Structure formats: structure tokens, C-alpha cells
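Visitor: Here you go, sequence then predicted model.
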Number of protein chains: 2
Amino acid sequence: MSAILARAPCKITQTSRRGYTTRTTAAVAPPPLAARRSGSALAQRSSFAASKIGSSFVQTTRTHAPMRSSRMCVEASGDWVLMVNDVAGKMGTAVVEAAQAKGIKIAPYCLTGPKRDPITIGDVTVELFDTSFDRDEVMQRIKKEFPKLMVIDYTVPQCVNLNAELYIKHGIPFVMGTTGGDRDKLLADVKDAGLFAVIAPQMGKQVVAFQAAMKIMGDRFPGAFKGYTLKVTESHQSSKVDTSGTAKAIVASFKDMGIEFEESQIELVRDPKEQVERMHVPEEHLLGHAYHTYELTSPDGLVSFKFEHNVCGRSIYAQGTVDAALCLMSKIDSGSEQTLFNMIEVLESGDMR
Amino acid sequence: MSAILARAPCKITQTSRRGYTTRTTAAVAPPPLAARRSGSALAQRSSFAASKIGSSFVQTTRTHAPMRSSRMCVEASGDWVLMVNDVAGKMGTAVVEAAQAKGIKIAPYCLTGPKRDPITIGDVTVELFDTSFDRDEVMQRIKKEFPKLMVIDYTVPQCVNLNAELYIKHGIPFVMGTTGGDRDKLLADVKDAGLFAVIAPQMGKQVVAFQAAMKIMGDRFPGAFKGYTLKVTESHQSSKVDTSGTAKAIVASFKDMGIEFEESQIELVRDPKEQVERMHVPEEHLLGHAYHTYELTSPDGLVSFKFEHNVCGRSIYAQGTVDAALCLMSKIDSGSEQTLFNMIEVLESGDMR
């Protein structure tokens, strides 16, 4: 997905594991874009008053016990406002649309890479703050205008850690949908800060559920499929060079179930003609799909299992991301002791809305 | 499966919840069939000496804590001997073959319904004790000859409870593969007696694993598939009138995942022509197969999941039954505190051999 999401290259230079400095394109930050637009809420303010860092979203003491089936994520958004970084990307746009469909308010601002004109999606026009702005000041002002602000991050791998540090600094809970970056550092930073966040490399809720079920089968029923043969086929847009991470994770679970199989045996289908004729991918989704088939056959050939999960477009990821945000809002509002969640924990919290 | 297994109608009359009387076809039991065959081990005995009831297989104090992933079921059979009731049935024959393939000794005797000649399967000739024999005396004698005796029961639903009482009375651990009967009473009787047993309506280990995984998904991820549509199709031999119990159980799990669906919406395919052409059932398995397909589609039609489990013949059930027996042997030999197991617990014990 990274090619699709490469919209907001950041210019923040990391200087240490904890601290960082911002590097702007001018020695002095120019007047904010917002100040030049009439009707902008930000333009009505006379100064960049630093907002109180949102300490209410930071737990200083907590435990990380899983909160299974708490069913706390229903009807959660209330007066929360979502800032989507950034709406110039296809995933960002899809997330805004999915959030609007669920009645969640969208902030009229976001961070972005190169300078861009405002973008209108549904009933919101979003002003994009490019890398020429001082991001600390921007975040402070937006946070002051929307005290219950939550960020959804779909940017680029090289911004993952720096963006997370920005959100931590300003106490803004977030859902990290961007893949890549230093994941160990990301998790450690957020956990250490006690900031509420959902961090997951795969936001497709139903795919995560299936993947988790296979993991559970592997953990609980070791050797249950011993002797079976496995055939795995995955098809993605031809620009995707590497093997599906989901396929690799599920193969690992099948190996726990006793099947002898190597990741290199996964068949990658990248030829559009074959994708349409053999995998039955709709032509309009040749540029964005994720099809997976797993076939297991008993040694005597009399028993077979077949599992397929076929995704076209971005809607499953956008909806899963919004569900993660709703879950996080609910966790914060209900005073959850656990602050950091993955997608399995979001799923365990029950249906969203 | 009951039609296939209807081989050993019993003539034991139940008189109370705990006690029972045997009813034989003659006022005095005739000389055992074994006594009329030279070379029979039983024929070498001069009297029906009552063996000590196998108290070593009965736990008087125990807990029923699950023993997950104990990996204790490997290479378990040792000096155990399996008595299969009864080998005149197709499932009985399949179980003997599966057990022999794993090097497990088969007792040269079994109980049966109507009088039959001995049956040879592989390297064992099995003498069948029909309902004209006093079953208590038969069991005592066999138990004396093979102190480490275990029974596998594939008889008929109306014998389930009475056979279990017989095994309990003689302290013979057993695997109950026969479906039907009073299941609550069966479980209560065996649990109260503290006898080692595996009781499961579905012995297809891999199907049980998949069914359990769907159950776990439903329990852990409520509402994960909310809004999705479900289509369920199952094909069985045309003699099967009712809906697949496995399909119903899995539908219940999908409902827990948020899908609206009624059991009555399950499509039953019973027409042989349709089974071959649409479901791709091999013609030679039209009389014995179990095909299941579950298709889930997202509201926008962009995401689909498909799960299939297709079984031909009896081998999966026979192998699962033998694995259950091996697991039970291992549990007994290792002094397990838990005595009563279902197929999920067998699976959790790890791979067999």
C-alpha cells in the first residue's frame, strides 16, 4: 500500500531516540495557510497560543491486561473529531468517507507533504498544512480548537516514528494505519508515553479475524493437519513485488498445525490476464486487490479444505480503521486502563456501529 | 452415519439410571462361540472367571481442568489392545484398518448384534459375540485376557447408553464414536464413574478443528462480520434427510460474528446429478460424503470469504477415532487427572503419530 499512500513526505529530522527537531523550508515559518482563508476557524485566532497538552489522553499508571468482549465500542464518537493525515492520499480519502458514513466529525485540517490546495470530501473542506509549517505550532492550535482530537495516520513508512512522536508530544491519541518504520520503537514510544493508540499493520478487520483464528488453531491444535499438503496462491496488483504478509502469517499457523510448507512455495499471481481469468479478479480492481486461497488436502486425497479471502479496493481497510478509532474513543471515554491496542483487541471489543 | 453403522442392535434392557439387567435370547447362555473354535484364546479357558474390574482406569478423585498442549499423545499404544464394537460395521472395519496402519493391536473379539461368522481384517480374525451371549461374562473374560483393553464403540444410537454402562461396569476405557442416545446421561454416567473416555459426535479431527476455530472467532470477535451476507451449501448422500449438524454449529458461530442468518437458509444438496456437476463430488462417493461451503460477502460486495470442507468416505473419522484412542491411552498411562475428553481436548493434546 505504501505506493498509494506516499503523500506526506516529512521533513522532520530525528536527532535522538526521544527528542527531535523540526526543519522547516524557511528560517521563519510563514503565516499559516489558514490565516489567508476567510471563514477558517484558525484564521479567527490572533496568535499561535499553545494549547494545554492533552494530558487527559495520557495514562501515567496503567496495566495492559486485555479487555475482552467489553462491548464498549458502540456509539462512541460523541464530540470527538478526527484529523486524517493526510486526506490527499487515497487511503486518507477513503477513511474520511467511511468516517462520515458513520457520522463522525472530521477536522477541517490535516498535515501533508508538498503544498496543496484544500480538498473537499463530502461536507468537509480540509486545509492541508504542508512541510513549510512548524508542525508543533500547527498541532497545538488544532488541538486547542478541538480538545477531543484523534489522529488517523496514513502517510509513508519513513514518517511513522516521527509522526508518532509528534502525536505523543501533543497528547493526541491516534490510529496508525501506516506500515513500515521502526515498529519496535513505535510500540515502545507509545507504550512508554501511556498515550491511547491503535497500532496495526493490517486494518482489514475481517481478514485480521480470520488470521487470528488460524493462529489460534495452530496454537491450540498442534499437528491437527499433519500429513496434509498445502497449496497457497495470492494475487495482488502487479506493482506489488513481495509476498503477501498475511499469506506468510497464515502459512506459519498451518505449519504449527503440522503441515510441511515453505514460504517460498506460496504462488504469487501478478499477471493481469491470469488474475482475471484464473483468480476471477474484476478488471476494475486489477490495480488494487488482495486475493488469497489456501487449499489443504489429506494424504489419501479424500478430505480437502479450502479457505479464500478476497479483497477489492480500500473500503475494508478504511472501515476497519474507523472502527479502530471508534473503539479507541470508547476506551478513552470509559477510562480504560489499557492504552495501547492492536486490531485483535479492537475486534475483541465487539461490534462498532 | 447411523444407517451405515446399524450393525449391533443390543438386547440389554435398562431398568434404572444406574443399574441394568441383561436379557439373553436363551434362559441359559449357550457355550461361547469362542469355545467352538480351535486356537481361540478364550477357548483355552475352562471357566468364565470374573476378572478384577479394571479399577486402574477409574479415577476416584480428579479435577477436570483442561490440559492444553500437553503433547502427551505421541507413541502411546504400548501394550494396549483395542476392541472395536463392532467390526461388522463399515466404520468398525475402517477403524480397525486405521489402527493397524498405526501399529495398534486389535483384540480378536468384539460384541455384535445378530450372530455372525468371524471376520478377518488385515492380520486379525475377530470373533463376534452376538446378543445370545451374556455380555457381562464376555467382557469379564476379554478383560482378563487383555488387562489393558480399550473399546471403540461404533454401534447404533439405541445402544449408546447401555454400552457405556457396560464399559463403566467393567472399568474399560472407551471412545464413543456412535452418535445419538441420551447424551446428557452418557456424559454424566461416565463423569460420575471417573472412567477414562473420549466422547464426541464428530470424530473428523480436522473438521472439529475448523469448527472450533469458527467458534473461537464468534466468541472472541463478536460482530466482526456485521452486515455481511452468508450463503451456506451442504451436500451429503441422498439418504441423509436432516441438515448437517456441523453446518448448523458453524452457522451459530457466524451469527455470533454479527451475521443475520437462519438455519433454514442452509441449502441442502441431495440430488446426485447436482452433487456431481455443481458440488464436484466424485461419483464413487455419492453414497458417503460430506461437503460444506460457506460464503461471506461484505455489504458493498468488495470483500468475500469462502470456506470449504469436503470429506469423502470414512477415513477421516476412522483416523480421528484412532487418534482419540491413542490420546486416551497416553492420558491413562501418564496418570492424567482429567478422565473425560471431547475431540477438541484430543486436538489440544497435540499430534498423535
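Guide: Received the coordinates, thanks. All values reported here derive from a predicted model rather than from experimental measurement. Numbers count the residues shown, from 1 in each chain, chains lettered A, B, ... in the order given.
Visitor: Need the three-state assignment for the residue in the stretch 101-250 of chain A that chain B sits nearest to.
Guide: Nearest residue of the stretch 101-250 of chain A to chain B (Cβ to the nearest Cβ) works out as residue A:223 at 2.3 Å. For the C-beta atoms, the positions are set from N, CA and C on the backbone; glycine is no exception. Three-state call for residue A:223 (DSSP: H, G, I helix; E, B strand; the rest coil): coil.
Visitor: Could you do residue A:151 as well?
Guide: strand.
Visitor: thinking again about what came up before, give me the number of neighbouring residues for the residue of the stretch 101-250 of chain A closest to chain B.
Guide: 22 (other Cβ atoms under 10 Å in any protein chain shown).
Visitor: Pretty sure it sits against residue A:260.
Guide: No. Look at residue A:223 against residue A:260 with Cβ atoms under 8 Å: they stay out of range, at 11.5 Å.
Visitor: and whichever strand or helix holds residue A:332, is it in reach of chain B?
Guide: In this assignment (DSSP states H and E), residue A:332 forms part of helix A:315-333. Yes. Against chain B, helix A:315-333 shows contacts by Cβ under 8 Å from any Cβ of the partner chain at A:315, A:316.
Visitor: same thing with stretch A:226-233?
Guide: Yes. Against chain B, stretch A:226-233 shows contacts by Cβ under 8 Å from any Cβ at A:226, A:228.
Visitor: pLDDT score assigned to residue A:15?
Guide: What the model reports as pLDDT for residue A:15 is 33.
Visitor: Skipping its backbone neighbours, what lies nearest the residue lying farthest from the centre of chain A in space?
Guide: Farthest-out residue of chain A from its mean C-alpha position, per Cα atoms, centre = their mean: residue A:300, at 43.3 Å. Spatial nearest neighbour of residue A:300, excluding adjacent residues (Cβ to Cβ, 6 or more residues apart in numbering or on different chains): residue B:315 at 5.6 Å.
Visitor: Could you verify my assumption that that neighbour touches residue A:301?
Guide: No. Counting by Cβ under 8 Å, no contact exists between residue B:315 and residue A:301, whose distance comes to 9.8 Å.
Visitor: Contact residues of the stretch 251-353 of chain A facing chain B?
Guide: Counting by Cβ under 8 Å from any Cβ, the stretch 251-353 of chain A sits next to chain B at A:257-258, A:285, A:296, A:298, A:300, A:302-313, A:315-316, A:347-348, A:350-352.
Visitor: and if we set it to 6 Å?
Guide: A:258, A:300, A:302-313, A:315-316, A:347-348, A:350-351 (Cβ under 6 Å from any Cβ of the partner chain).
Visitor: which of these count as buried?
Guide: A:258, A:302-313, A:315-316, A:347-348, A:350-351 (16 or more other Cβ atoms under 10 Å in any protein chain shown).
Visitor: ok, then the element right after the lowest-mean-pLDDT helix or strand in chain A?
Guide: Every helix and strand of chain A was ranked by mean pLDDT, DSSP states H and E. The lowest is strand A:20-22, at a mean of 29. Using DSSP H and E, the helix or strand that follows strand A:20-22 towards the C-terminus is strand A:81-85.
Visitor: ok, residue A:306 - contacts?
Guide: A:295, B:308 (Cβ atoms under 6 Å, 6 or more residues apart in numbering or on different chains).
Visitor: What residues are bridge-paired with it?
Guide: residue A:295, residue B:308 (DSSP bridges).
Visitor: And it, how far from residue A:349?
Guide: 31 Å (Cβ to Cβ, to the nearest Å).
Visitor: And the strands in the stretch 51-200 of chain A?
Guide: A:81-85, A:105-106, A:109-111, A:119-121, A:124-129, A:149-153, A:174-176, A:197-199 (DSSP state E, counting those that start in this stretch).
Visitor: what about stretch A:310-318, start to end distance?
Guide: 16 Å (Cα to Cα, to the nearest Å).
Visitor: Residue A:116 reaches residue A:128, doesn't it?
Guide: Yes. Between residue A:116 and residue A:128 there is a contact under Cβ atoms under 6 Å: 4.7 Å.
Visitor: higher neighbour count, those two?
Guide: residue A:128 (23 against 19).
Visitor: Would you enumerate the residues in contact with the closest residue to the more buried one other than its chain neighbours?
Guide: Of all residues not flanking residue A:128 in the chain, residue A:112 sits nearest, at 4.0 Å (Cβ to Cβ, 6+ apart). If you count contacts by Cβ under 6 Å, 6+ apart, residue A:112 has them with A:8, A:86, A:88, A:128, A:130.
Visitor: would CSV of those with distance to residue A:241 be doable?
Guide: What follows is those, written out as CSV (distance: Cβ to Cβ, whole Å):
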residue, distance to residue A:241
A:8, 23
A:86, 25
A:88, 25
A:128, 30
A:130, 30
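Visitor: which one of the residues you listed sits closest to residue A:244?
Guide: residue A:8 (25.3 Å; Cβ to Cβ).
Visitor: While we're on the closest one, how confident is the model there?
Guide: 42.
Visitor: Kindly report the domain assignment for chain A.
Guide: Annotated domains of chain A cover A:68-199+A:317-349, A:205-313 [automatic domain parsing].
Visitor: what about the shortest one, start to end distance?
Guide: Looking at domain A:205-313, the gap from its leading to its trailing residue is 14 Å under the measure Cα to Cα.
Visitor: as a whole number, average confidence for it?
Guide: 95.
Visitor: swap in stretch A:93-108?
Guide: Across stretch A:93-108, the average pLDDT comes to 96.
Visitor: cool, and stretch A:171-182?
Guide: For stretch A:171-182, the per-residue pLDDT averages 95.
Visitor: From one end of it to the other, what's the distance?
Guide: 20 Å.
Visitor: what does it rub up against?
Guide: With Cβ under 6 Å, 6+ apart, stretch A:171-182 has contacts from A:53-55, A:57-58, A:149-155, A:157, A:160-161, A:167, A:196-199, A:201, A:203, A:321, A:324-325, A:328.
Visitor: likewise stretch A:308-316?
Guide: A:91, A:94, A:204, A:207, A:210, A:285, A:288-293, B:300, B:302-306.
Visitor: In helices, which of these appear?
Guide: Counting by DSSP state H, the contacts of stretch A:308-316 place A:91, A:94, A:207, A:210 in helices.
Visitor: Let's have the residues you listed in TSV, adding neighbour count and distance to residue B:247.
Guide: Putting the ones in helices among the contacts of stretch A:308-316 into TSV (neighbours: other Cβ atoms under 10 Å in any protein chain shown; distance: Cβ to Cβ, whole Å) gives the following:
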residue	neighbour count	distance to residue B:247
A:91	25	37
A:94	24	35
A:207	22	23
A:210	25	19
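Visitor: measure residue A:189 to residue A:151 for me?
Guide: 15 Å.
Visitor: okay, those two: which has more neighbours?
Guide: For residue A:189 versus residue A:151, the count of surrounding residues by other Cβ under 10 Å is larger for residue A:151: 25 against 19.
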